[in-house]
Each structure stands twice: as structure tokens, then as C-alpha cells.
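Engineer: return atomic coordinates for the entry below.
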Amino acid sequence: MDPEIGGGIAGSAVSFLLLKLDVFASREWNLQENIKRAVQNLGRELRSIEALLRDAASKKEHDHQFTVWIQNVRDQAYAIEDVLDLFRLDQESVWRRLKMRHSINNLIQDIDRSLQSIQQTKERYHSMASTSTNAGNNTDLPVRVAPQFIGNVDTVGLEEPTNKLVSWALEPKQRLEVMFVVGMAGLGKTTLVHSVYERVKQHFGCNVWITASKSKTKLNILTLLVEKLGCTITQGADVVALMHKLRKFLHNKRYVIVLDDLWVKDVWESIRLALPDGKNSRIIVTTRRGDIANSCRDDDSIDIHKLQPLSPQRAEQLFYKKAFSRNGRCPSGLEEVSKSILQKCDGLPLGIIEIGRFLSRRTPTKNEWKILHDSLESGMRSSGELSDIMKVLSASYNDLPYHLKYCFLYMSIFPENNLVKRRRLIRLWIAEGFVIEKRGKTLEEVGDEYLNELIDRSLIKANEMDFDGRPTSVGVHSLMLKMILSVSHEENFCTVCTGAARNLTENTRRLSIQKEDFDVSQDLPCVRTFFSFGIGKVRIGSNFKLLKVLDIQGTPLEEFPSVITDLLLLRYLSLRNTNIRSIPRSLGDLHHLETLDLKQTLVTKVPKAVLQLEKLRHLLVYRYNMESVLPFDIVQGFKAPKRMGALKNLQKLSFVKASGQHRMSRQRKMIQGLENLTQLRKLGIVELAKEDGTSLCHAIVKMRNLHSLNVTSLDKEEPLELDAMDPPRLLQRLYLKGPLQRFPRWVSSLHDLVRIRLKWSSLTEDNPIAALEDLPNLMELQLLDAYTGDQFDFNKGKFQKLKILDLERLERLKFIIMEDGTLPCLQKLIIRHCKELKQVPIGIDNLNHLNELFLCDMPEKFVAQLRKKVGELRHLLHRISYIRSYHGQSMEDLS
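Structural biologist: So this is what the prediction gives:
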């Protein structure tokens with residue numbers, strides 16, 4: 001294990017533990033005095049060790065002795081966490097409190113003595129290290145593979161971006177322009193930019209290539225830049241003096257400068273301030289840090305090119321070129337294993353080249369190649385034959401701040417190619433205690449920031465995107481997963497059990513089960529987290545007393561496991577996609593529970609005991625009834641206790657049945673009581689009777705933080721009565737399902753609204769298009785049987801941000817008119833089951849950004865007008881690249 005990685009884990013463990021100690025000391029006000037003093041001593045020792053860790057990291061003290069030391073630090077940090085959780089567990093069990101306090105105090109004192117010993121060991125080591133030379137410690141560039149093959153400029157798959165950047169560099173513009181080339185480690189950023197640089201540098205009066213790297217300071221970089229330009233440097237010149245010299249020298253000159261491998265923002269800012277706005281000058285910056293690139297993009301002279309992985313065809317071409325250097329062709333019999341290896345590389349040139357080179361030196365047999373395929377993780381470790389891959393990838397991990405290291409390592413829990421939902425991941429981080437509170441923000445909002453930073457840093461990738469640009473699911477690159485699996489295993493972060501047998505140690509902290517059946521019979525007192533991704537049965541005993549996260553969604557459960565209610569420290573419980581039908585009253589004993597996910601189960605009622613879960617933030621109890629004849633009632637909610645308003649920390653509540661709850665007066669009390677849920681961000685209500693609409697409106701008035709509201713009426717004939725609403729001003733998503741006697745006027749005032757879906761509204765007089773056209777941030781609009789009129793008019797200058805327009809079952813709609821200048825951002829248009837519609841929207845040919853058109857169950861006459869060569873209205877679709885017509889199970893490509 002790379003000592004720098006190990007140091008990062010130990011540092012993260014200590015930093016998180018210090019936060020927990022502070023919280024523990026502030027909240028456990030009834031601590032015995034001797035325990036309180038012991039906890040304070042632990043904090044002091046840990047802060048000293050944290051300082052030593054940071055000092056060692058800055059000085060790159062990464063030898064074997066340091067590795068042993070940080071392992072001791074990590075183990076003691078885990079031991080302290082165990083003690084704190086044992087104390088909390090004993091607080092939940094009254095009869096054990098007095099019995100355990102003495103032993104807990106002894107445990108703390110033992111750990112304190114260990115920490116003192118650890119600190120003394122490090123101080124002695126530090127003293128010895130400071131007297132020795134540092135010659136063997138190369139703090140220059142991290143090992144990066146790309147420069148190794150710049151000499152023969154192998155740019156397979158980079159031709160298109162190379163030509164694009166060359167054109168950008170040579171296009172005459174009377175100003176300085178900057179291009180950030182961004183992408184994950186090993187994508188070939190340096191190779192790409194080197195190719196561009198070699199082709200364009202002769203067109204500039206001055207040209208310089210500078211490698212930044214993490215180890216170089218502003219002074220280093222500016223000195224190097226001035227020297228490479230041939231300027232003399234006064235001895236002792238500081239940053240400001242060098243900036244003046246650089247600006248003076250480049251004044252009135254046309255120059256191109258490459259800043260390769262940027263890691264620190266202030267290095268770029270110093271260089272940018274030093275460079276004059278030379279006519280037609282260019283700067284190209286390569287970096288893994290998309291967050292830096294985004295923060296520097298303050299005007300249109302700065303652009304970002306996001307480098308993508310190689311296509312499967314180009315990846316295969318590069319791999320065969322490296323593995324079979326004689327002719328670049330794959331021998332018969334190796335095609336299948338080659339494709340499997342390429343899937344692991346996932347278009348990353350670094351992996352393709354390194355693995356290809358290694359295999360070129362091996363016997364080209366199927367068995368030899370399969371051995372490498374199955375041992376990629378071990379091959380990437382520090383002593384392995386593919387360790388250069390690990391060095392390049394781990395540099396991005398090592399650069400993370402402590403609070404993000406654990407968040408990133410958490411991806412090691414999920415199987416390869418598993419799509420991890422964004423909201424799920426953030427809730428899990430919160431349950432683990434990884435998300436640090438920020439004043440004025442919810443933990444979920446802070447978690448979102450963490451995820452965005454990891455995406456911007458090119459460590460986590462967004463797999464699926466929502467209409468508003470936010471990821472709905474995320475993942476990591478296959479080789480990056482191999483790296484974090486190795487780190488996770490070495491540092492006892494998570495134990496992954498796949499098909500092969502795996503011996504578990506009593507120190508196992510997180511378990512990820514990725515096999516058919518699993519039975520935990522041994523005692524695992526330290527397990528905090530348990531996941532199951534298999535489809536077989538999973539049996540857990542009562543030996544997980546410190547468990548905080550239990551996620552066994554998708555397992556073949558028929559009944560709620562009774563052992564769960566003994567897990568008194570549980571914060572996150574997901575039984576999603578199981579067949580359980582009820583939950584016991586004893587669930588109310590789980591006082592620390594923050595997330596209860598029963599989505600897609602058969603649970604239709606929660607007991608009163610759930611009201612004891614005062615820390616609950618997310619209550620998800622609903623399923624989609626895919627067998628429903630009427631899509632109107634596809635969402636099946638749950639019957640809630642009448643005092644739901646007691647759960648004042650709730651952030652998300654979906655979906656509560658508003659009818660059939662109790663007698664009429666008690667039913668209304670439940671709805672009225674929702675007004676106490678002032679922290680709610682997302683609310684889902686089903687089966688709302690007309691007479692309860694006003695009560696719901698009055699409750700929602702108090703929910704000033706509500707971002708998403710989903711309301712369904714009792715049935716297709718029962719009107720939604722929502723006119724009394726004084727809506728939350730932060731509302732972003734609105735879903736109304738059921739008849740509307742008139743369009744709610746308050747909707748037109750929702751400045752922040754980005755999505756609205758109106759279904760079965762059956763509006764007769766109020767045209768929803770006219771009511772919604774001035775909403776400044778609306779991006780998605782769906783109208784399903786929402787209007788009985790025969791024409792929609794999209795007026796000039798309206799719907800300025802709308803990207804998606806979905807029109808369905810508008811039985812009387814005949815014409816859609818889109819004036820020139822309307823819908824300037826529309827990208828996708830969906831028209832379903834509009835039988836009377838005569839033709840595609842008039843003016844559709846003026847929509848410059850429309851690139852997707854979907855037609856579903858439209859009349860043959862309508863579709864015939866749009867077919868290639870023969871359709872009389874085909875010419876109106878000349879801007880649209882993707883056109884599909886669906887009828888029943890068949891699909892016709894009209895593109």
C-alpha cells in the first residue's frame with residue numbers, strides 16, 4: 001500500500017473522530033467526571049497526532065516506518081469510535097449503564113496510553129528523520145504514464161479533439177484566450193495537448209511548456225516560466241517581481257503557453273495575472289481538477305474541453321497496437337478475453353497502454369491473459385507489474401481533503417457497473433457521519449456539494465443526468481474501482497464478499513455481500529455497515545450491535561427480520577424491493593434512525609411507534625403498481641398515524657394516503673398536523689379528497705423550505721381543491737394529478753419552478769400554456785389530459801429555458817403554433833396519443849436546439865407526413881437528428 005494513501009486514511013479517521021469527540025462531549029452532558037476528563041485527554045492526544053500527520057504529509061515522509069505508524073494511528077482511531085458507540089449503545093439499555101461505565105472508562109484509558117505511545121514513537125522517528133538526508137525522497141512529479149509515450153506521439157483516438165484544439169489555437173481573435181483540458185487521470189490530456197502544441201507553436205512568437213505538478217509553488221512555476229522565455233532573474237526575486245518581469249517581456253508579443261498538470265488554483269491565478277492580454281495569444285491548461293477549471297471560467301475568453309474516454313473501436317485499436325506490436329491484430333482464440341480486458345479499461349488510454357505493453361511481453365495464450373484479467377487489483381498494487389496505473393490514479397485520491405476521502409472510498413462498497421442513485425449515496429454518507437454540518441445548509445445540501453466536487457475532480461462519474469443537469473446516478477471508472485478496492489481492503493474500510501469464500505476478521509467494519517447466499521454466524525462486533533447486492537438469502541444474527549447502516553434491498557424477504565429492532569444504533573435502514581408486508585411496533589426503539597426506505601415493498605401502513613423516531617429525515621413508503629389497469633393510481637402510498645407532525649426533522653415524506661385514514665375529523669387532523677414539518681423538502685400525498693384540499697394548503701404554507709410537491713386526488717373524478725395555497729417560494733418541482741376546476745393562480749408566481757407535470761387536470765377554460773409561459777426557470781413541462789381546448793399557442797419570447805415538452809392524451813388538440821423566438825432552449829419534444837392533432841407544431845423548423853422528437857401512438861396519417869422522401873412536411877424536421885415513432889410494441893426510425 002502506498003504510504004501516502006495510508007496516511008490519508010489515517011488522517012481522515014482522526015479528523016472525523018475529533019468531530020465525533022466534540023459532538024459526544026457536548027451532547028452527553030451527564031457523563032461521569034472521570035469519563036469526561038478521559039474523553040478530553042483523548043481529544044488532546046488526537047489533535048497532536050493529527051498535526052504530526054499533516055506535517056508528515058507536507059514533508060512526504062513516506063517510508064516503511066511511517067506506514068507502520070499510520071496503521072497504528074488508524075487502528076486506535078477505530079478503537080475510540082468503538083468505545084463511543086458502545087457508550088451510546090449502553091445509554092439505550094438502562095440496565096447496562098452502571099455496569100458498563102467502569103469498563104468504558106478503562107477502555108478509554110487504555111487507548112489514551114496507546115495514543116501517547118504512538119505520539120512518542122512518531123516524535124522519535126521525526127527526530128531521527130530530520131537528521132538524515134532526504135535525497136531518496138523525490139518530491140517532483142507524480143508518476144504519470146502519458147509523458148512516457150510523447151516521444152512517439154501515439155494519439156490513437158485523439159485525432160478529433162486534436163484538430164478541434166488546433167483550429168481554436170490558430171483562429172484569429174484579437175485577445176488572449178484560455179482552454180482548460182479536463183479529464184480523469186490517464187485519459188491522455190498531456191498527450192493530446194503535446195500534439196496540439198507541436199503543431200501550432202511555430203505560429204507564435206513565444207512558446208513555452210511548463211509542467212506544474214502538485215509539488216511546485218507559485219514561485220517555482222513563475223521562475224521556470226521566466227527562465228524558459230530567456231529572461232534573466234534577479235537573485236531573490238519574489239512572486240510579484242517575477243510577475244512584473246513576465247508581463248513586461250510578453251507585452252505586444254503573440255505567445256502560446258502550456259501549463260500541464262495543474263493542481264492548485266492560486267498557481268493559475270498568479271500566472272494569469274502576470275500574462276498580458278496579447279493579441280491572438282493562447283494558454284492551454286491540463287488538469288484533473290474540473291472544479292478549478294469551472295471556478296476560473298469567469299468570462300467567455302476561458303473555455304473548457306472535457307476529454308472523453310476512447311470509443312470501443314478506438315480502444316480496441318490502441319490495445320491491439322500495444323499488445324500485438326508486430327501487426328496490431330488479435331490472434332484467434334484471444335478475442336473474448338481481450339474484449340473482457342478492454343471492458344475493464346473502459347476507454348482509459350492509461351490502462352489500455354500499460355496492460356497492452358505488459359501483455360506484449362507475455363506468452364499470448366488464453367490462460368496467461370485470463371490470469372492477468374482476474375488479478376488486475378493485485379497487479380495494480382505498489383509491488384505489482386501494473387503499479388504505474390495505481391500511482392497515476394491514486395494521485396487524485398491523495399489530493400482530496402480528508403472529509404472527501406471516506407466519501408470516495410465508499411464507492412468500494414458497490415459492485416462494478418452498479419448504478420448508484422445520487423440521493424441514496426448522500427443519505428448513506430450522512431448516516432455514516434461523513435457529512436459535516438454547515439450553517440444555513442441541510443446535511444443533504446452539503447452532501448450534494450461533496451458529490452459535485454468529487455465529480456468535478458474526475459473521481460466519480462455521472463452515469464445518468466436529470467433534465468436540470470444534476471446526476472441521478474453515479475459510478476466510478478472500472479480501473480479506479482480496482483484502486484479503491486485495494487485501498488479499502490488494505491485499510492480495513494470495507495470487506496467485499498464475492499463468489500469466493502472470504503474469511504472475516506472480528507475487526508471488519510463494513511461488509512458488502514455480492515454473492516448468492518450469505519450467513520453471518522461468527523461474532524463481528526465492529527461491523528458498522530452491512531450491504532447485500534445478491535439475489536439470494538442473507539441471514540444476519542444479533543451480533544451486529546454497533547450496526548449503523550443496513551441496506552438489504554432486493555433480497556427475497558417475506559417478513560420483517562425481527563433482529564433489526566435490536567440494532568439500537570441503526571441510522572439507515574433500506575428494505576426496498578422486498579416482499580415484506582408490515583413493520584413491527586418495536587421499530588420505534590431505533591431512536592437514531594434517519595432513513596427508513598420501504599419503497600417497492602407491500603407495506604401500506606406504519607405503526608404509531610414510528611412517531612418515536614425523532615431523528616428521522618427520510619420516510620419512503622410507497623410502490624408503483626405496474627399491474628394497475630388505470631395509470632392514475634399507479635402510486636400506492638401508506639396509511640400514516642394522525643400525529644405525523646411529530647417527526648419534525650423530516651426532509652422527505654412519500655407517499656401519505658390522505659383518505660381512508662381515520663374518521664373524518666381524525667383524518668383532517670393528520671393533514672393539518674403536517675404543518676409542523678417545517679424542515680420538509682419533499683412531500684408526496686395521494687388520495688386527497690376535495691374537502692381536504694384547503695387543509696392541505698394551510699399546512700403547506702408553513703413548509704417554507706419545500707422544494708418538491710406531489711399531490712394526487714382521490715380518483716379521476718375527484719377535483720383537486722388547491723386554490724387556497726400560499727406556495728413555498730422555493731418550490732422547484734410540482735406534480736398535480738387529478739381534475740382542476742380552474743388553474744391555480746399561485747403556480748404562475750413560482751419563480752424557482754423547474755418542472756411541472758399536470759395529469760388528468762381536464763382544464764376547460766384556463767389554458768395552461770398561457771399560465772406557465774412566463775416562468776423564468778421552467779425546464780420541463782408535461783401535460784397529460786390536462787386541457788380540453790383545441791389549440792396551444794407558444795408566443796414569441798416565452799418559455800425561455802424549457803428543455804423538455806411532453807404532450808399526452810390531449811384528445812381535442814388540433815393545432816400547436818410556435819412563433820419565431822419561442823422555446824429557444826427546447827431539446828426534446830414528446831407527443832403521445834393526440835388523435836386530433838393535424839400536424840407537427842407550426843414553427844417547429846425554427847427551434848434551433850431541438851434534437852429529439854418522439855411520437856407515441858399517433859395516427860398513421862400524422863406519421864406519414866414526416867417520413868423521409870415521401871412526407872410532405874418532412875422538410876420541417878431538417879434540424880432534428882433523432883426522430884422515433886412508436887406504436888404499441890413497434891418502433892419506426894424516422895431520423
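Engineer: now find how far off-centre stretch 607-616 is within its chain.
Structural biologist: Averaged C-alpha coordinates place stretch 607-616 at 29 Å from its chain's average position (Cα atoms, centre = their mean, to the nearest Å).
Engineer: who's in contact with it?
Structural biologist: 571, 583-596, 619, 641, 643-644, 646-650 (Cβ atoms under 8 Å, 6 or more residues apart in numbering). To be clear about C-beta, it is placed using only N, CA and C from the backbone, and glycine gets the same treatment.
Engineer: now do stretch 358-373
Structural biologist: Under Cβ under 8 Å, 6+ apart, the answer for stretch 358-373 is 322-325, 331, 333-334, 337-338, 340-341, 344, 355, 379, 385-386.
Engineer: likewise stretch 247-257?
Structural biologist: Residues outside stretch 247-257 that contact it (Cβ under 8 Å, 6+ apart): 169, 197, 200-201, 203-210, 225-226, 229, 231, 271, 274-276, 278-284.
Engineer: tell me which of those fall in helices.
Structural biologist: With DSSP state H as the criterion, helices contain 169, 197, 200, 225-226, 271, 274 from among the contacts of stretch 247-257.
Engineer: got the residues you listed as CSV, with distance to residue 869 columns?
Structural biologist: Output for the ones in helices among the contacts of stretch 247-257, formatted as CSV (distance: Cβ to Cβ, whole Å):
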residue, distance to residue 869
169, 42
197, 47
200, 44
225, 60
226, 64
271, 56
274, 60
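Engineer: next, format those as CSV and append neighbour count.
Structural biologist: Converted to CSV, the ones in helices among the contacts of stretch 247-257 look like this (neighbours: other Cβ atoms under 10 Å):
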residue, neighbour count
169, 21
197, 21
200, 19
225, 22
226, 21
271, 22
274, 22
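Engineer: so who does residue 671 touch?
Structural biologist: 658, 692, 695-696, 699.
Engineer: rerun that using 10 Å as the cut-off
Structural biologist: By Cβ atoms under 10 Å, 6 or more residues apart in numbering, the residues touching residue 671 are 640, 642, 644-645, 656, 658, 661, 685, 688-689, 692-700.
Engineer: where does the residue nearest in space to the middle of the chain sit, in terms of helix or strand?
Structural biologist: Centroid-nearest residue in the chain, with Cα atoms, centre = their mean: residue 451, separated by 4.4 Å. Taking DSSP states H and E as the definition, one finds residue 451 inside helix 443-456.
Engineer: show me what that helix is packed up against.
Structural biologist: Using 3 or more Cβ pairs under 10 Å, 6 or more residues apart in numbering; DSSP states H and E, the elements in contact with helix 443-456 are helix 290-296, helix 402-409, helix 422-432, strand 461-465, strand 471-475.
Engineer: closest to residue 826 out of the ones you listed?
Structural biologist: strand 461-465 (17.1 Å; Cβ to Cβ).
Engineer: so how far is that closest one from its chain's centroid?
Structural biologist: The answer for strand 461-465 is 8 Å, by Cα atoms, centre = their mean.
Engineer: show me which positions of that strand end up buried.
Structural biologist: 461-463 (16 or more other Cβ atoms under 10 Å).
Engineer: output the residues you listed in TSV; the columns should cover distance to residue 421 and pLDDT.
Structural biologist: TSV is the format used below for those (distance: Cβ to Cβ, whole Å; pLDDT from 0 to 100):
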residue	distance to residue 421	pLDDT
461	14	93
462	12	93
463	10	91
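Engineer: of those residues, which is the nearest to residue 861?
Structural biologist: Nearest member of the buried residues of strand 461-465 to residue 861, counting by Cβ to Cβ, is residue 463, at 39.8 Å.
Engineer: so what's that closest one up against?
Structural biologist: Residue 463 touches 417-422, 471-476, counting by Cβ under 10 Å, 6+ apart.
Engineer: from residue 780, how far out is it?
Structural biologist: 20 Å (Cβ to Cβ, to the nearest Å).
Engineer: likewise residue 832?
Structural biologist: Residue 832 is 15 Å from residue 780, by Cβ to Cβ.
Engineer: quick check on the two: which one has the bigger neighbour count.
Structural biologist: residue 780 (20 against 16; other Cβ atoms under 10 Å).
Engineer: does that one have beta-bridge partners, and which?
Structural biologist: residue 755, residue 804 (DSSP bridges).
Engineer: can you check the pLDDT for it?
Structural biologist: pLDDT recorded at residue 780 is 97.
Engineer: quick check, it in contact with residue 733.
Structural biologist: Yes. The pair residue 780 / residue 733 is scored as a contact, 8.9 Å apart, by Cβ atoms under 10 Å.
Engineer: shared neighbours, the two?
Structural biologist: 468, 753-757.
Engineer: hmm, back to that, how far does the helix holding residue 451 sit from its chain's centre?
Structural biologist: Worked out by Cα atoms, centre = their mean, helix 443-456 lies 7 Å from the chain centre.
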